[in-house]
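**Student:** Curious how this folds, go ahead:
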Amino acid sequence: MGVRSRYGDRHSKRKQNIVLNSLIGIVLAVILVLVANIFFFGDSPEQTVSQDQQTAQSDTNEESNSSEDAVTSDEADSEDSESNNSKSADQDSTDEESAEEDKTKEENKDKEKEDKEDEQAEQKPGEPNLEGPWEPVGTSQSKSENHASSYDKGSVDWNEKLRAVESVTGFPPEDMVVHWLGGNGGPQKSKATVSQKGVNDTKYYVELEWVDEKGWKAVSATKK
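**Tutor:** As a prediction, this is how the structure comes out:
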């Protein structure tokens with residue numbers, strides 16, 4: 001009995017040692033596998049795929065944002081350019097209209113001047129011009145608003161009145177018979193009745209008006 005008991009105990013311990021050694025071997029094998037996965041493979045494939053997808057999505061978002069920013073910037077530049085072009089076009093149009101208006105005014109002035117010159121040229125020496133228009137004949141008197149009309153024969157003011165009458169009748173004062181020259185309803189207005197020497201008895205009635213700094217001018221004329 002004693003020998004069998006000792007043999008049984010020894011056999012039982014050997015089995016236990018085998019089991020423990022097997023368990024320890026399995027644990028070590030699992031640890032080695034885990035360590036190998038960590039060192040050689042890093043993160044798990046699923047995590048790697050997930051991270052790659054996140055990175056790709058981030059890059060796509062950045063490209064999309066960059067593209068949108070570029071489009072917005074291009075649109076803003078386009079709007080600024082169109083606005084500047086529109087302002088420039090408006091300014092050019094305004095300048096052209098202003099230049100055209102100035103040109104038209106100058107042309108009208110030149111035409112009026114030419115018309116007056118033509119009318120004056122049409123009046124031949126000695127030929128009456130009863131229709132007008134008439135211009136002031138000029139003056140050598142003091143250019144002030146205090147002009148005093150004079151009816152003294154041979155005075156400066158008298159002679160300038162006759163020059164204004166000449167612009168109507170067409171004949172000079174030395175060929176003129178002055179029947180009457182006097183006031184006509186105001187200190188700066190006169191009226192003359194004249195005829196031409198040695199021609200006929202035709203009389204001309206001319207109303208005159210003083211223009212400051214420019215002299216006398218005819219304002220109406222008739223003949224009988």
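**Student:** Break down this structure into its strands, ranges please.
**Tutor:** Along the chain, the segments classed as strands by DSSP state E run 176-183, 189-196, 203-211, 215-223.
**Student:** By mean pLDDT, flag the weakest helix or strand of the protein.
**Tutor:** Taking mean pLDDT, DSSP states H and E as the measure, the helices and strands of the chain show their lowest mean at helix 45-122, namely a mean of 62.
**Student:** Kindly state which of the strands of the chain is positioned closest to Pro133.
**Tutor:** Pro133 lies closest, by CB to CB, to one member of these: strand 215-223, at 9.2 Å. C-beta: built from backbone N, CA, C; applies to glycine.
**Student:** what's in contact with that closest one?
**Tutor:** When contacts are taken as CB atoms under 8 Å, 6 or more residues apart in numbering, the neighbours of strand 215-223 outside the stretch itself are 128-130, 132, 134-139, 141, 160-161, 163-165, 167-168, 190, 202-211.
**Student:** Pull out the buried residues from the residues you listed.
**Tutor:** The neighbour-count test (16 or more other CB atoms under 10 Å) applied to those identifies 128-129, 134, 136-137, 139, 141, 160-161, 164-165, 167-168, 190, 204-211 as buried.
**Student:** still on that earlier bit, of the strands of the chain, which approaches Ser12 most closely?
**Tutor:** Comparing those against Ser12 with CB to CB, the closest turns out to be strand 203-211 (153.4 Å).
**Student:** what's in contact with that closest one?
**Tutor:** By CB under 8 Å, 6+ apart, the list of residues contacting strand 203-211 from outside reads 128, 130, 136, 147, 149, 161, 164-165, 168-169, 179, 184, 188-195, 216-224.
**Student:** Once you drop chain neighbours, what's closest to Gln188?
**Tutor:** Take Gln188 and drop its neighbours on the chain: the residue closest to it by CB to CB, 6 or more residues apart in numbering is Trp210, 3.9 Å away.
**Student:** Quick check: bridge partners of that neighbour?
**Tutor:** Trp216 (DSSP bridges).
**Student:** Tell me how far it lies from Val27.
**Tutor:** Using CB to CB, to the nearest Å, one gets 136 Å for the distance from Trp210 to Val27.
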